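Participant: sequence and predicted structure below; questions after.
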Amino acid sequence: MKATQIFQLLLVLAAAGYLLWFHSVNPAEVRLPLFASLPPALVVLAAMLLVWLFTWLLLQGGLWGLKRENRKLKNQLAELESKLAVKNVHQPPLTPVIPDRSDGWQSEGDLDERGR
């Protein structure tokens, strides 16, 4: 398991432990508007689930935008690479090119004293 998955599992276990402890300490019911009497642990659990769902939806929206941008950039890269492949069709010279010489080949008289 990855470290982030282990951390998430520990957070879920800590939240479950907290809810169990909270439920055992507070036996009284909570009265919310438009709802019946509910145990406090259930109210906290519902709040945690709503926050998790809201966060997950926000992250999915951000990832959707990043995926779309990534796809667009990959298409642009493929287009530019295809244009570059068409322009770069020349053959390299058959003889070695010496950068400080303009003609691209070496004559016998151009060798130094070591024969190079």
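Facilitator: Thanks, I have it.
Participant: okay, CA-based contacts and neighbour counts for the rest of this
Facilitator: Fine.
Participant: how far out from the middle of the chain is the helix or strand encompassing residue 67?
Facilitator: Element membership of residue 67 [criterion: DSSP states H and E] is helix 40-87. Centroid separation for helix 40-87 versus its chain: 9 Å, with C-alpha atoms, centre = their mean, to the nearest Å.
Participant: which elements pack onto the lowest-mean-pLDDT helix or strand in the chain?
Facilitator: Between all helices and strands in the chain, the lowest mean by mean pLDDT, DSSP states H and E belongs to strand 30-31, at a mean of 80. On a contact count with 3 or more C-alpha pairs under 8 Å, 6 or more residues apart in numbering; DSSP states H and E, strand 30-31 meets strand 37-38.
Participant: so what strands line up beside the strand it packs on?
Facilitator: strand 30-31 (antiparallel) (DSSP bridges).
Participant: how far does the strand it pairs with sit from its chain's centre?
Facilitator: Relative to its chain's centre, strand 30-31 lies at 43 Å (C-alpha atoms, centre = their mean).
Participant: again, but for stretch 36-55
Facilitator: Centre-to-centre, stretch 36-55 and its host chain are 30 Å apart (C-alpha atoms, centre = their mean).
Participant: which residues sit against it?
Facilitator: With contact meaning C-alpha atoms under 8 Å, 6 or more residues apart in numbering, stretch 36-55 is reached by 19-20, 22-23, 26-32.
Participant: residues of it that come out buried?
Facilitator: For stretch 36-55, burial by neighbour count (16 or more other C-alpha atoms under 10 Å) applies to 39-41, 43-44.
Participant: appreciated, that's everything.
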